[in-house]
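Visitor: sequence and predicted structure are below.
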Amino acid sequence: MIRSTKNRIVRALSLTGFRARVLIAVALASVLTTACDVHGVSAPGTLARIAVTPNATMIAGAAQQMVALGYDAEGRVVAVTPTWTVAASGGTVASTGVFTAGTVPGLFTNTVVASVGNISGSASITVLPGALATITVVPTPVTLAVTATQQFTAVGKDISGNIVAFTPTWSVIADGGAITQAGIFTAGNTPGTYTNTVQASSSSLRGYATVVVTTGPLASISVTPNPDTLISNTKQQFVAVGKDAGGNVISIASTWSVVAGGGTIDGGGLFTAGTTLGTFANTVKATSGTMSGTATVVVKLGPLAFITVTPNPAHIVVLASQQMTAVGTDVGGNVIPIAPVWAVVTTANGATITQTGMYTAGTVAGTFTNKIRASALGLAGFATVISTAGPMTAILVSPSPVDLFVGDKQQFTATGRDESGNLFALVPTWSVVNAGGTIASAGLFTAGQDLGTFNNTIQATSGGLSGFATVNVVSPLPPPPSGGGGGGSGPALDILGNAAPNGIMAGTAVTCITGGTINADVSISPGNTITGFGPCVITGVKNLGNAVALAAQGSLTTAYNTLAGMACPPANAIVANLGGTTKPAGVYCTASGIGVTGTLTLNGGGDPNAVFVFQAGTSLVTAGNIVLIGGAQAQNVFWQVGSSATLGTASQWQGNILALTSITLVDNATLKGRALARNGAVTLGTNNVITLP
């Protein structure tokens with residue numbers, strides 16, 4: 001374009017110069033002719049017209065010397081000094097006739113005027129735009145969705161702002177899309193602002209346009225995961241992602257549905273696989289407007305995850321049988337066929353199980369957690385067994401035999417057992433069948449006046465079964481001679497003073513659960529709380545926080561300190577459990593606790609006043625019985641305990657327990673003696689009996 005304009009200008013200037021040279025030549029020729037021809041030549045006439053040259057084509061801002069020639073009527077040149085003016089715009093003219101083109105391109109006809117009086121002549125001027133000075137690209141900025149198109153236009157102008165036609169070279173310099181040489185721009189796939197990215201150039205000139213690329217309308221929906229393999233009855237969260245044509249994510253609100261089976265889905269895209277196995281192509285569907293996306297689901301069984309053993313717990317009578325079942329399932333609860341290996345986890349009670357799952361309970365009643373095991377493929381399932389006692393087959397009455405003086409009392413207990421020896425709690429009917437004394441309904445026997453051995457005279461009956469005990473009624477030993485013998489000076493009970501009438505003493509409280517009997521007084525000081533009476537029974541007097549109880553506590557403290565201060569020969573140090581041993585009268589001691597498991601026999605050596613003192617630095621814990629032989633008497637047996645004492649279940653205990661803190665009688669424990677607690681409580685379980693010796 002620049003070259004074309006330049007050629008036009010050159011041609012215009014060349015034509016103007018040519019015309020000027022011709023006019024000058026004509027003028028000179030006329031002068032010379034006039035000078036040489038002295039005959040017949042007349043002077044110029046009156047000015048008749050003015051000719052202005054050239055009719056010029058000019059670039060805006062260029063200058064052109066205009067020439068005005070005057071002529072008479074005969075065409076002879078008349079010298080003129082014209083007045084120059086511009087009649088039709090297009091530029092300005094100086095008084096010397098130099099015309100300067102304006103900035104507005106166009107054909108300005110007869111615009112340069114030379115006047116002399118009322119005679120004038122004119123010339124036309126064509127003003128052409130100047131050289132290309134600026135390039136402007138429009139529109140800018142422009143906002144386009146991804147993949148959309150836009151026609152850009154490049155406008156060239158000269159320095160005066162006149163449009164200059166040119167053919168631009170188009171390019172993209174800051175990304176955002178692509179452009180053809182026709183100026184058609186196609187937005188790319190990446191949203192963003194691309195400043196001055198569209199360029200139109202010509203030679204060294206440049207023009208720019210900015211493009212803003214935005215996400216386009218929803219073009220696709222993808223559902224993930226796809227495909228997805230699920231175990232029947234398990235769940236999977238599906239996600240729907242919307243994108244425009246450029247792959248840019250667009251926020252959408254999807255409507256979920258299942259179109260080809262395989263399970264169900266909620267409004268949030270949570271899919272639950274059904275129980276029908278198979279491949280369900282494009283079944284999970286997410287829809288937004290007119291667009292949708294799908295995912296395929298494969299439903300299958302999972303690996304073995306659980307083994308469930310039933311029944312659980314299994315309630316079985318001892319020695320009875322129960323068919324057990326083991327079912328394997330995957331994590332979805334779907335049944336997996338298995339061939340279980342059966343086992344009894346512990347067999348100490350004789351329980352067994354076959355490989356068909358037939359379980360036979362052992363001989364011991366109780367709850368056996370996770371007793372039965374079914375194993376398969378590295379996994380195991382368990383079931384708990386609650387084994388209950390079988391039908392009661394026998395009643396055991398204790399103690400038996402028992403030696404009683406005339407008028408002595410003895411509490412008997414009855415325990416039911418099945419054929420495996422499991423215990424039954426029962427409330428029997430008591431009777432005396434072979435003389436020897438009388439018995440109360442609660443099993444408290446009073447020895448009669450007749451001496452002798454009364455075999456199986458105590459009878460306890462329940463449900464057609466009976467148990468028996470033998471009683472030996474003997475005469476009291478004569479009182480000891482003055483000065484005593486064996487165990488000390490005077491009767492050993494003298495040490496207890498005001499505490500002697502009490503079967504129970506406590507510093508805080510006395511509690512009985514049920515079935516307990518205290519055949520003596522009960523004193524509490526400084527506390528006064530007593531609970532459980534009834535249903536439990538006290539045959540003596542209750543002294544609760546009164547002066548009698550306070551005096552008894554004073555005697556108990558004195559007796560406790562006296563017993564604790566008795567010298568203990570080194571040979572009598574207790575180094576092991578006393579159960580299964582026989583001890584003569586004396587003082588026995590340990591800095592720790594005394595334990596009795598089994599039977600401890602105390603031999604009086606024929607001395608009815610033989611005294612036995614057991615000093616425990618801490619506790620007394622029993623799981624056994626005391627048997628007295630050789631004239632030993634319970635009233636002369638003392639257990640001095642540095643903290644607390646516990647008589648275990650069914651213990652048959654004898655002697656006076658003096659504990660610093662508390663005393664507990666567990667179920668069915670009996671005490672022929674006293675439970676005397678200085679600071680703490682005395683607690684009775686079920687069916688406890690305390691009788692003074």
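Guide: Ah, there it is.
Visitor: please enumerate the helices of the protein.
Guide: Taking DSSP state H to define them, one finds helices in the chain at 2-36, 547-564.
Visitor: bridged to the nearest residue to Lys583 once chain neighbours are set aside, which residues?
Guide: For Lys583, ignoring the flanking residues on the chain, the nearest one in space by CB to CB, 6 or more residues apart in numbering is Leu602 at 5.7 Å. For every residue, glycine as well, the C-beta is placed using N, CA and C. Counting by DSSP bridges, Leu602 is bridged to Lys583, Leu628.
Visitor: which of the helices of the chain has the lowest average pLDDT?
Guide: Mean pLDDT across the helices of the chain is lowest at helix 2-36; the value there is a mean of 39.
Visitor: now do the contacts for Leu205.
Guide: Leu205 makes contact with 132-135, 156, according to CB atoms under 8 Å, 6 or more residues apart in numbering.
Visitor: show me which of those is closest to Ala314.
Guide: Within the set of the contacts of Leu205, Ile135 lies nearest Ala314; the separation is 95.8 Å, counting by CB to CB.
Visitor: burial count for that closest one?
Guide: Neighbourhood size, Ile135 [other CB atoms under 10 Å]: 21.
Visitor: contacting residues for Gly207?
Guide: Gly207 makes contact with 134-137, 154-155, 168, 199-201, according to CB under 8 Å, 6+ apart.
Visitor: which members of the contacts of Leu205 are classed as buried?
Guide: Among the contacts of Leu205, those classed as buried by neighbour count (16 or more other CB atoms under 10 Å) are 132, 135, 156.
Visitor: with adjacent residues omitted, what lies nearest to the second one?
Guide: So the one you mean is Ile135. Gly207 is the one closest to Ile135 (CB to CB, 6+ apart), at 3.2 Å.
Visitor: could you check the pLDDT of the one you found?
Guide: At Gly207, the model reports a pLDDT of 94.
Visitor: so can I have a markdown table of the contacts of Gly207 showing distance to Arg49?
Guide: As requested, the contacts of Gly207 are exported to a markdown table (distance: CB to CB, whole Å):
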| residue | distance to Arg49 |
| --- | --- |
| Thr134 | 45 |
| Ile135 | 48 |
| Thr136 | 48 |
| Val137 | 53 |
| Ala154 | 49 |
| Val155 | 45 |
| Pro168 | 50 |
| Gln199 | 57 |
| Ala200 | 52 |
| Ser201 | 53 |
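Visitor: and these, which of them are buried?
Guide: Among the contacts of Gly207, those that count as buried by neighbour count (16+ other CB under 10 Å) are 135, 137, 154-155, 168, 199-201.
Visitor: what's the span of stretch 629-649, first residue to last?
Guide: With CA to CA, to the nearest Å as the measure, stretch 629-649 spans 23 Å from end to end.
Visitor: typo on my end, it should be stretch 648-664
Guide: Taking CA to CA as the criterion, the two ends of stretch 648-664 lie 8 Å apart.
Visitor: which parts of that stretch are buried?
Guide: Using 16+ other CB under 10 Å as the test for burial, stretch 648-664 gives 648, 650-664.
Visitor: repeat that for stretch 186-198.
Guide: Those would be 186-189, 191, 194, 196-198, for stretch 186-198 by 16+ other CB under 10 Å.
Visitor: residues in contact with it: which ones?
Guide: With CB under 8 Å, 6+ apart as the test, stretch 186-198 has contacts from 137, 140-141, 144-150, 152, 170, 172-179, 185, 208-215, 245-248.
Visitor: kindly check the end-to-end length of that stretch for me.
Guide: One end of stretch 186-198 to the other measures 11 Å (CA to CA).
Visitor: residues in contact with Ala361?
Guide: Counting by CB under 8 Å, 6+ apart, Ala361 has contacts 316-322, 351, 385, 387.
Visitor: same check on Val474?
Guide: 403-405, 451.
Visitor: for Thr83, see how far away Phe238 is.
Guide: Distance, Phe238 to Thr83, by CB to CB, to the nearest Å: 94 Å.
Visitor: give me the more crowded residue out of these two.
Guide: For Phe238 versus Thr83, the count of surrounding residues by other CB under 10 Å is larger for Phe238: 22 against 13.
Visitor: shouldn't Leu628 be in contact with Gln635?
Guide: No: at 10.3 Å, Leu628 and Gln635 do not qualify as touching, with contact defined as CB atoms under 8 Å.
Visitor: so where's the stretch 501-650 of the chain uncertain?
Guide: Nowhere does the stretch 501-650 of the chain drop to pLDDT under 70.
Visitor: let's see it at 90
Guide: Along the stretch 501-650 of the chain, the model assigns pLDDT under 90 to residues 515, 533-535, 545, 547, 551, 554, 558, 575-576, 605-606, 624.
Visitor: pLDDT below threshold where in the stretch 251-400 of the chain?
Guide: In the stretch 251-400 of the chain, residues with pLDDT under 90: 275-277, 301-302, 317-320, 330-334, 346-351, 361-366, 387-393, 398-400.
Visitor: swap in 70 and give it another go.
Guide: 347-348.
Visitor: ok, back up a step: restricted to strands, list the buried residues of stretch 648-664.
Guide: Among the buried residues of stretch 648-664, the residues falling in strands (DSSP state E) are 652-659, 663-664.
Visitor: mind listing what Thr143 touches?
Guide: Shown in contact with Thr143 (CB under 8 Å, 6+ apart): 211-212, 214.
Visitor: repeat for Phe185
Guide: 144, 149-152, 172, 177-179, 198, 211.
Visitor: from Ser222, how far out is it?
Guide: According to CB to CB, Phe185 stands 29 Å off from Ser222.
Visitor: ditto for Ala62
Guide: Taking CB to CB, one finds Ala62 at 67 Å from Ser222.
Visitor: go on, Gly648?
Guide: Separation of Gly648 from Ser222 (CB to CB): 74 Å.
Visitor: what of Phe382?
Guide: With the distance defined as CB to CB, Phe382 ends up 47 Å from Ser222.
Visitor: again with Ser644
Guide: 75 Å.
Visitor: more neighbours: which of those two?
Guide: Shown here are Ser644 and Ser222; by other CB under 10 Å, Ser644 has more neighbours (21 against 15).
Visitor: list the contacts of that one.
Guide: 619-620, 659-664, 680.
Visitor: kindly report the same for Ser160.
Guide: Going by CB under 8 Å, 6+ apart, the list of residues near Ser160 reads 60-61, 103, 129-130.
Visitor: same question for Ile252.
Guide: Contact analysis of Ile252 by CB under 8 Å, 6+ apart lists 218, 221, 240-242, 288.
Visitor: over to it: give its phi and psi.
Guide: phi -140, psi 160 (degrees, to the nearest 10).
Visitor: what is the burial count for the residue nearest to Phe108 when sequence neighbours are not counted?
Guide: Distances taken as CB to CB, 6+ apart put Gly90 closest to Phe108, at 3.0 Å, once the chain neighbours are dropped. By the criterion of other CB under 10 Å, Gly90 has 25 neighbours.
Visitor: need the buried ones among the contacts of Gly207 in CSV (columns: pLDDT and distance to Thr429).
Guide: Formatted as CSV, the buried ones among the contacts of Gly207 follow (pLDDT from 0 to 100; distance: CB to CB, whole Å):
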residue, pLDDT, distance to Thr429
Ile135, 96, 126
Val137, 96, 119
Ala154, 95, 124
Val155, 96, 126
Pro168, 96, 125
Gln199, 97, 118
Ala200, 95, 122
Ser201, 96, 124
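Visitor: I am finished for the moment; much appreciated.
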